[in-house]
Each structure stands twice: as structure tokens, then as C-alpha cells.
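> just coords:
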């Protein structure tokens with residue numbers, strides 16, 4: 001089942017998804033490439049069941065999107081813990097909002113439109129954060145000549161020694 005491209009928001013999302021995220025993977029550093037991989041994983045997790053087994057639902061908790069959002073939150077949280085970037089912190093926070101939207105749908109009687117917004121808006125903003133991260137990575141490379149991607153493991157061991 002193909003998305004309804006007659007809605008401008010959906011069309012823009014897919015244009016940026018298939019046009020912008022490959023550019024972010026090409027021009028971004030390792031954290032940005034992992035962010036693009038998280039989006040590719042979301043596409044696979046949502047695309048396979050929707051195309052073969054079930055249809056999207058907004059009348060109750062959509063388990064396919066819930067699983068996709070939980071996995072994306074875990075991915076962006078892991079990136080945020082290890083990357084020398086700020087955008088993964090915001091990305092993990094936005095994905096957590098999306099995950100909590102599923103629980104809100106499960107325990108309250110919010111309307112389907114609100115539920116769809118709680119699922120789509122944070123994810124769209126995360127996609128824009130990944131794109132912004134790639135642009136900022138290129139700006140830091142031009143300005144400084146280097147841009148470290150990850151926090152060195154040595155710093156984790158220093159924090160462990162301080163905690164004991």
C-alpha cells in the first residue's frame with residue numbers, strides 16, 4: 001500500500017526522506033550516518049508489515065509503529081550517549097515523545113488525528129535534526145579541519161573512577 005501523496009505534508013516528508021537523508025549520510029559524520037540507518041530501520045520495520053499483513057490504524061495503539069518508535073528511540077539514545085554532537089539528545093527526546101504518544105493513546109481517548117500527530121511530527125523533526133547535523137558537521141570541518149564523531153572510551157573510564 002502506497003502512502004497518500006495527495007497530502008502535501010506526506011509528499012514533502014517522502015521527498016526529504018528519500019532525497020535529504022541520503023545527502024545527510026553522504027556529507028555527515030558517523031553519528032549522522034547512524035541516524036540515517038535508524039530511519040532506514042524504521043522504514044523497514046513499518047514497511048514490511050504494512051505491505052503484507054496489516055493496515056495502519058489510528059483507532060487504537062498501532063503496534064507496528066510502536067515497535068518502530070521504540071527501536072528508533074533506542075538507536076537515537078545510543079547515538080546520544082556516544083556522539084560528540086548535540087542533535088542526538090534532541091532526537092532521542094523527540095522519539096521518546098513519539099513513544100509516549102502510543103501510551104497516551106492506550107490509556108486515554110485521544111482522537112486519531114492527535115495520535116497521528118504524536119507519531120509523525122516528532123519523527124519528522126528528528127529527520128530534520130539529522131539533516132541539520134550533517135550541515136553543521138560540514139561547517140565544523142571547514143572551520144576547524146576536523147570534527148570528532150564519538151566520545152573517546154577513555155572518558156567513560158574516568159567517569160567510572162569518579163563514581164567509585
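Looks like it arrived, so ask away. Nothing here was measured: the structure is a model prediction, and the numbers come from that model. Numbers count the residues shown, from 1 in each chain.
> and the longest helix belonging to the chain, which residues are buried?
In the chain, with assignment by DSSP state H, the single longest helix is helix 112-144. Residues of helix 112-144 classed as buried: 115-116, 118-120, 122-127, 129-131, 133-134, 136-137, 140 (neighbour count, 16 or more other Cβ atoms under 10 Å). All C-beta atoms are positioned from the backbone trio N, CA, C, and that covers glycine.
> and that helix, what's its mean pLDDT?
On average, the pLDDT along helix 112-144 is 90.
> Over to stretch 9-18?
On average, stretch 9-18 scores 78.
> With adjacent residues omitted, what lies nearest to residue 5?
residue 11 (4.8 Å; Cβ to Cβ, 6 or more residues apart in numbering).
> Could you give the number of residues near that neighbour?
13 (other Cβ atoms under 10 Å).
> and what of residue 54?
11.
> that older thread, what is the longest helix of the chain packed up against?
helix 8-27, helix 30-52, helix 63-82, helix 87-107 (3 or more Cβ pairs under 8 Å, 6 or more residues apart in numbering; DSSP states H and E).
> Report the inter-axis angle for that helix versus helix 30-52.
150 degrees (axes from the mean of the first three to the mean of the last three Cα atoms, to 10 degrees).
> related to what we said a few turns ago, between the helices and strands packed on helix 112-144, which one is nearest to residue 152?
helix 63-82 (10.0 Å; Cβ to Cβ).
> pLDDT of that closest one, averaged?
Per-residue scores along helix 63-82 average to 94.
> buried residues in that helix?
64-66, 68-73, 75-77, 79-80, 82.
> Check which helices and strands it sits against.
With contacts taken as 3+ Cβ pairs under 8 Å, 6+ apart, helix 63-82 sits against helix 30-52, helix 87-107, helix 112-144.
> Contacts for that helix next, please.
31, 34-35, 37-39, 41-42, 45-46, 49-50, 54, 56, 88-89, 91-92, 95-96, 98-99, 102, 119, 123, 126, 150-151 (Cβ atoms under 8 Å, 6 or more residues apart in numbering).
> Buried only: go through the residues you listed for me.
31, 34-35, 38-39, 42, 45-46, 49-50, 88-89, 91-92, 95-96, 98-99, 102, 119, 123, 126.
> middle-most residue in the protein, spatially?
A centroid search over the chain (Cα atoms, centre = their mean) returns residue 126, at 4.8 Å, as the residue closest to the centre.
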